[in-house]
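[1] here are the coordinates; sequence isn't available:
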């Protein structure tokens, strides 16, 4: 090995990760470095502080540093628009570049200082270990959001890759590559983007299929990245938590958020919902806490009213479901589960319109087309004209709805393949991607967050 010493590997990987971020965000890599230095020292001071008040003051400094940086880069122009509309005075827009992945590494860093403040972690004594945790390149720019408590204990261990880990890594990498570069990019570039860019040019039926397409596209794009990040982490000897678990199989919105972007939903639960009081302060307060958590979750995704609406819709649905379960606590039967799955899927699809559309006017136009200009008679022509897109959409949903047991069986089969066949499998998937890829590389959707 070129770097046989474990400490040397930590330093080298950290420097490479910082360089990796520099290539995506230029001089803004200094923000990442600054965040590492500030939170490392604040956590040490929090750990050493003897009074609760002093610990709290230091934690507030960490919150201000991280959330202040996030607020400046993501929300300055949004606030300027609101002030302009309220006062009639033109304010902005300001030329502010949004560094890639800033929402992810700030939340990851905050999990460390908050856990140290709570006494759930001891502060690290080596800044390279902390820098390695925050900057680790596979998941730094688009997740999953790795908790300090999950990742830090792995750092002192000498990285090893077992046969099972290698098999899981190859399986996840091929799945992620297929979902992103074949399903997501093809459906997006050849159909979804066209519909959302000009919904008036398409019938209500085509708009509806455009929404179904985006529902699959965003899942394949984001879960594809997460799968590849987890795979690369495994190949380097580090385990990340699962980030997606067949979310469109959910039978309720509550279940959906246990399966979708799991690292974010659990982060919001543990660091926002629970500190707000969770479900410990009565029914009304629980509903308010759910709503606030999801509104802020929507705002985390982007500085736009449509993201707040998206979060608010999910928050309202979570509150209604909790209220319904309190009135009817018995488990639903088979028919109600089926209806619950259909309702959940279509509610999620409806919410994705706000997430994807460029503005609220686009949302209005798409809904108007669906409800008042559906034109079902164009179905045959639509199916013929977009046959490849419809095929890949159907294939993507088919794979997504397969039982978990088949995924486990497929992963075991890949694990037991000889190493040359594992390499051949990756080559075949890359060849498929090269055949299916669009003329331009499609960036990951969550890079913008």
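    That came through fine. Small disclaimer: the values here were computed from a predicted structure and weren't measured. Numbering: from 1, shown residues only.
[2] please parse the protein into its domains.
    6-154, 163-251+332-442 (automatic domain parsing).
[3] touching, residue 365 and residue 198? I think so.
    No. Residue 365 sits out of contact with residue 198 when judged by CB atoms under 8 Å, with a separation of 9.3 Å. Every residue, glycine included, has its C-beta placed from N, CA and C.
[4] neighbour count winner among those two?
    Using other CB atoms under 10 Å, the more surrounded residue of residue 365 and residue 198 is residue 365, with 16 against 11.
[5] before we move on, the earlier item: and the domains of the chain, which one averages the lowest pLDDT?
    Of all the domains of the chain, domain 6-154 carries the lowest average pLDDT, namely a mean of 87.
[6] for the spatially most central residue of the chain, which non-adjacent residue is spatially closest?
    A centroid search over the chain (CA atoms, centre = their mean) returns residue 261, at 4.8 Å, as the residue closest to the centre. Spatial nearest neighbour of residue 261, excluding adjacent residues (CB to CB, 6 or more residues apart in numbering): residue 243 at 6.4 Å.
[7] would you map the strands across the stretch 251-400 of the chain?
    Read by DSSP state E, counting those that start in this stretch, the stretch 251-400 of the chain holds no strands at all.
[8] mind jotting down where the helices sit in it?
    Here the stretch 251-400 of the chain has its helices, by DSSP state H, counting those that start in this stretch, at 253-259, 262-268, 274-276, 283-301, 305-327, 334-356, 360-372, 379-385, 387-400.
[9] just those helices: most buried one?
    Comparing the helices of the stretch 251-400 of the chain by mean neighbour count (mean count of other CB atoms under 10 Å), helix 262-268 comes out on top with a mean of 21.
[10] contacts for that helix, please.
    Helix 262-268 is contacted from outside by 107, 111, 143-147, 241-245, 257-258, 293-294, 296-297, 300, using CB atoms under 8 Å, 6 or more residues apart in numbering.
[11] do stretch 144-163 as well
    In contact with stretch 144-163 (CB under 8 Å, 6+ apart) are residues 6, 9-10, 104, 107-108, 111-112, 115, 120-121, 124, 129, 132-133, 136, 139, 169, 226, 229-230, 234-243, 262-264, 267, 415.
[12] ok, stretch 49-60 next?
    By CB under 8 Å, 6+ apart, the list of residues contacting stretch 49-60 from outside reads 42, 45, 46, 113, 114, 117.
[13] next: stretch 271-291.
    110-111, 114, 292-293, 296, 312, 315-316, 318-319, 322-323, 326.
[14] run the last query once more with 7 Å
    111, 114, 292, 293, 296, 312, 315, 316, 318, 319, 322 (CB atoms under 7 Å, 6 or more residues apart in numbering).
[15] got it, and stretch 195-208?
    With CB under 7 Å, 6+ apart, stretch 195-208 has contacts from 210, 356-357, 362, 365-366, 369-371, 373-376, 378-379, 382.
[16] end-to-end on that stretch?
    9 Å (CA to CA, to the nearest Å).
[17] quick check: buried residues in that stretch?
    For stretch 195-208, the buried set under the neighbour-count rule, 16 or more other CB atoms under 10 Å, comprises 195, 196, 199, 202, 203, 204, 205, 206, 207, 208.
[18] out of the residues you listed, which is nearest to residue 16?
    residue 196 (36.8 Å; CB to CB).
[19] name all residues that make contact with residue 112.
    Residue 112 is in contact with 39, 43, 121, 148, counting by CB under 7 Å, 6+ apart.
[20] which of the three states applies to the nearest residue in space to the last one that is not next to it in sequence?
    On the basis of CB to CB, 6+ apart, the spatially nearest residue to residue 148 that is not a chain neighbour turns out to be residue 112, at 3.9 Å. Under the three-state scheme (DSSP: H, G, I helix; E, B strand; the rest coil), the conformation of residue 112 reads as helix.
[21] state the distance from residue 112 to residue 105.
    Note on residue 112: its distance to residue 105, by CB to CB, to the nearest Å, is 11 Å.
[22] and for residue 415?
    32 Å.
[23] quick one: which of these two has more around it?
    Using other CB under 10 Å, the more surrounded residue of residue 415 and residue 105 is residue 105, with 26 against 18.
[24] where's the helix or strand containing that one relative to the chain centroid, distance-wise?
    Element membership of residue 105 [criterion: DSSP states H and E] is helix 102-118. Using CA atoms, centre = their mean, to the nearest Å, the mean C-alpha position of helix 102-118 is found 16 Å from that of the whole chain.
[25] buried sites along that helix?
    Residues of helix 102-118 classed as buried by neighbour count (16+ other CB under 10 Å): 102-117.
[26] nearest to residue 407, of these?
    Nearest to residue 407 among the buried residues of helix 102-118 is residue 104, at 25.8 Å by CB to CB.
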